[in-house]
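> Sequence isn't available, so here's the structure alone:
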């Protein structure tokens, strides 16, 4: 028995996890498995039980999130760089989906080579080395200037602004924004101490902060889907997405904020106070919903339904992480601004 206890203790010491994070991880995984089983049961019921298209969409979302969460859980039992590589692969695939959404011209091909094989891996290498001064500006400044310059040198001016903007935006959202999720693992934060009436160093495991962020994004996505279909009446922008409603957005944000408070009270895996966790969860939900609306607008502009099919019968990976992409940099920078050690 002592041997097994010792092995578990060493695992916690060498991994990104602690007991509270493990409990939260297990809770999320169990919940997703229950939802997946429930979805499969509903799928086999007669059509009188409900709209099969809604059930199918629900099952696809649960399956995609369960797959992502299982892989993320495995990566968190290892070193930080493993999680960084996992997000790099997601970024690479998402950027591929975004770029292939519309045909490119010959003059873009060499530029895309630099985008995929220099800027994308370099961004994640800088995150892995925790060089904030580099990864915070390399894409929005240097890559954004390099892309139009490189395309201009090809001499192909047809739809120049459209082509340039597409590559810039894809790199910004799929790589730069998403890379802020694993960057959470490298933050050195403080927390409020009521006893000392001041801030002290936070001694929690970094995976807790990342897990809290992913769990709140995931919960917000599920709640947005549920509220839109249960009580949604006032569509935000019918020409963009005829299922996104104000009731869904507000309901998901409020419920996600409440869930953030409860998680922090039950399993304090972040350096936030309980009310701070609620505010951050609400912010995550609002930004995630904004991301979904933005990516829906792009799909409508291009006349497509989904960005890709990572798994047969499912939407693309970008369709599943659009909310993560928009929420990650805001969550990262607000957390860093408020709680970074001085």
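On my side now, so go ahead. Everything quoted here is computed from the prediction, not taken from an experiment. Numbering: from 1, shown residues only.

> so where do the helices sit in the stretch 101-250 of the chain?
106-114, 120-128, 132-135, 144-152, 160-171, 180-183, 206-230, 246-266 (DSSP state H, counting those that start in this stretch).

> Does anything pack onto the second one? Which helices or strands?
Contacts defined by 3 or more CB pairs under 8 Å, 6 or more residues apart in numbering; DSSP states H and E place helix 120-128 against helix 80-99, helix 132-135, helix 180-183. Where C-beta positions appear, they are placed from N, C-alpha and C, glycine not excepted.

> Just checking the distance from that helix to the centre of its chain.
17 Å (CA atoms, centre = their mean, to the nearest Å).

> What of the third one?
Helix 132-135 has its average C-alpha position 20 Å from the chain's average C-alpha position, going by CA atoms, centre = their mean.

> Packing partners of that helix?
helix 120-128.

> What residues of the helix it packs on count as buried?
120, 122-124, 126-128 (16 or more other CB atoms under 10 Å).

> To what extent is residue 277 buried, counted in neighbours?
By other CB atoms under 10 Å, the residues close to residue 277 number 24.

> That one contacts residue 267, correct?
No - Residue 277 is beyond contact range of residue 267, at 10.5 Å (criterion: CB atoms under 8 Å).

> ok, residue 265 - contacts?
residue 274 (CB atoms under 8 Å, 6 or more residues apart in numbering).

> Report the separation between it and residue 18.
17 Å (CB to CB, to the nearest Å).

> which residues sit in contact with the closest residue to residue 167 other than its chain neighbours?
Closest residue to residue 167 apart from its sequence neighbours, by CB to CB, 6 or more residues apart in numbering: residue 147 at 5.3 Å. With contact taken as CB under 8 Å, 6+ apart, residue 147 is in contact with 111, 115, 164, 167-168, 171.

> Make JSON lines out of those residues and add distance to residue 105, pLDDT and neighbour count.
Shown next, in JSON lines, are the contacts of residue 147 (distance: CB to CB, whole Å; pLDDT from 0 to 100; neighbours: other CB atoms under 10 Å):
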{"residue": "111", "distance to residue 105": "10", "pLDDT": "93", "neighbour count": "22"}
{"residue": "115", "distance to residue 105": "15", "pLDDT": "96", "neighbour count": "23"}
{"residue": "164", "distance to residue 105": "11", "pLDDT": "93", "neighbour count": "19"}
{"residue": "167", "distance to residue 105": "11", "pLDDT": "94", "neighbour count": "25"}
{"residue": "168", "distance to residue 105": "16", "pLDDT": "95", "neighbour count": "19"}
{"residue": "171", "distance to residue 105": "17", "pLDDT": "96", "neighbour count": "26"}
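
> Tell me the one among these nearest to residue 55.
residue 171 (36.1 Å; CB to CB).

> just checking, that closest one touches residue 116?
No - Residue 171 lies out of contact with residue 116 (CB under 8 Å); the separation is 9.3 Å.

> what residues are shared contacts of those two?
Joint contacts of residue 171 and residue 116 (CB under 8 Å, 6+ apart) are residue 95.

> among the helices of the stretch 101-250 of the chain, which is nearest residue 71?
Closest among those, using CB to CB: helix 206-230, at 11.5 Å.

> buried stuff in that closest one?
For helix 206-230, the neighbour count (16+ other CB under 10 Å) marks 206-228 as buried.

> Specify the angle between it and helix 246-266 in degrees.
For helix 206-230 against helix 246-266, the angle by axes from the mean of the first three to the mean of the last three CA atoms, to 10 degrees is 150 degrees.

> Distance from the chain centre to helix 206-230, please.
Counting by CA atoms, centre = their mean, helix 206-230 comes out at 10 Å from the chain centroid.

> Quick one: mean pLDDT for it?
Average pLDDT, helix 206-230: 92.

> Mind giving me the packing neighbours of it?
Against helix 206-230 (3+ CB pairs under 8 Å, 6+ apart) you get helix 19-43, helix 52-76, helix 180-183, strand 241-245, helix 246-266, helix 274-302, helix 317-339.

> could I get those as CSV with distance to residue 198?
Shown next, in CSV, are the helices and strands packed on helix 206-230 (distance: least, CB to CB, whole Å):
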stretch, distance to residue 198
helix 19-43, 23
helix 52-76, 31
helix 180-183, 27
strand 241-245, 43
helix 246-266, 20
helix 274-302, 16
helix 317-339, 13
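
> pLDDT wise, what is residue 15 at?
63.

> Mind splitting this structure into its structural domains?
Under the assignment automatic domain parsing, the domains of the chain span 1-78+187-342, 84-183.

> looking at those, which has the lowest confidence?
Among those, domain 1-78+187-342 scores lowest, with a mean of 84.

> before we move on, back to that, closest one of the buried residues of helix 120-128 to residue 176?
Closest approach between the buried residues of helix 120-128 and residue 176, by CB to CB: residue 123, at 6.5 Å.

> For residue 336, state which of the contacts of residue 147 is nearest.
For the contacts of residue 147, the closest approach to residue 336 (CB to CB) belongs to residue 171, at 22.0 Å.

> Spit out the contact partners of that closest one.
Going by CB under 8 Å, 6+ apart, the list of residues near residue 171 reads 95, 115, 119-120, 139, 143, 147.

> again, only this time at 6 Å
115, 139, 143 (CB atoms under 6 Å, 6 or more residues apart in numbering).

> Same question for residue 173.
Neighbouring residues of residue 173 by CB under 6 Å, 6+ apart: residue 325.
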